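Participant: please find the sequence and the predicted model below.
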Amino acid sequence: MLVHVWCEYSATIRQEFAKRGHDAWSVDLLPSEVDGQHLQMDIRDVDYTGIDLLICHIECTNTANSGVQWLWKQPGRIERMIEDALLFKWVLSLPIPRICMESPVMHGYATAVIGNGYDKRQTIQPWQFGHGETKATWLWLKGLPELKPTNIVNGREQRIWKMAPSPTRGLERSRTFRGVAEAMASQWGRL
């Protein structure tokens, strides 16, 4: 199966699909942290012909519910939110049979731009996949079943939310948990 993971520089998901024999590629503006099949480019320029499964993580700073209070406090933020939500909607509309769009919980302004008409939206937590942390994440699913929890654990700390400000904070907060990547590859890789 040809699998693309867009907006992923860490190769976490790409590696899990590749381990299972899939033709897996990551695409990001940044170089990959891990050697392998990676395209360093804008996702809007990717030839998506023949992709069987797409997993995508669009920039969420302007669409996340956690930052909604900044929409009117920072110039240009509303315009960037609309651009990001329209890009999200464009990816969901691509003629690819299976798409998972990952995002934090979105605020209503972004979801209104994206609109309805998609198969389902699932909320997952890292603690459902072996990581004792909380970070509610939405999976917008097109042609895919919901992910089933694989390893429910205790601990449930908000480490991601509590990260101190730093130049790499956004990149670190955006990393996919290995247990979630393993679940995607093992469950969706068999479709």
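Facilitator: Nice, thanks for sending it over.
Participant: so where's the chain uncertain?
Facilitator: Counting by pLDDT under 70, the ranges of the chain that qualify are 117-120, 159-164, 166, 168-174.
Participant: show me what the biggest helix by length in the chain is in contact with.
Facilitator: Using DSSP state H to define each element, the chain has its longest helix at helix 77-93. With contact meaning CB atoms under 8 Å, 6 or more residues apart in numbering, helix 77-93 is reached by 6, 43-44, 54, 56, 58-63, 70-72, 99, 101, 103, 109-111, 113-115, 118, 140, 142. Just so you know, the C-beta spots here come from the backbone N, C-alpha and C atoms, and that holds for glycine as well.
Participant: please repeat the previous calculation with a cut-off of 10 Å.
Facilitator: 6-7, 43-44, 48, 54, 56, 58-64, 67-68, 70-72, 74, 76, 99-101, 103, 106-107, 109-115, 117-119, 140-142 (CB atoms under 10 Å, 6 or more residues apart in numbering).
Participant: from those, which land in strands?
Facilitator: W6, L54, C56, I99, C100, M101, S103, W140, L141, K142 (DSSP state E).
Participant: what about the fifth one, how many neighbours?
Facilitator: Yep, that's C100 we're talking about. C100 has 22 neighbouring residues, counting by other CB atoms under 10 Å.
Participant: for it, list each beta-bridge partner.
Facilitator: When bridges are called by DSSP bridges, C100 pairs up with I55, L141.
Participant: so it touches A183, yeah?
Facilitator: No: shown here, C100 and A183 do not form a contact pair, counting by CB atoms under 10 Å, at 11.3 Å.
Participant: what sits in contact with each of the two?
Facilitator: Joint contacts of C100 and A183 (CB under 10 Å, 6+ apart) are L147.
Participant: what about the helices in the protein?
Facilitator: Under DSSP H, the chain gives helices at 12-19, 77-93, 108-114, 169-173, 178-188.
Participant: need those helices in TSV with distance to T134 and mean neighbour count, can you?
Facilitator: Shown next, in TSV, are the helices of the chain (distance: least, CB to CB, whole Å; neighbours: other CB atoms under 10 Å):
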stretch	distance to T134	mean neighbour count
helix 12-19	19	22
helix 77-93	23	17
helix 108-114	21	17
helix 169-173	13	13
helix 178-188	13	21
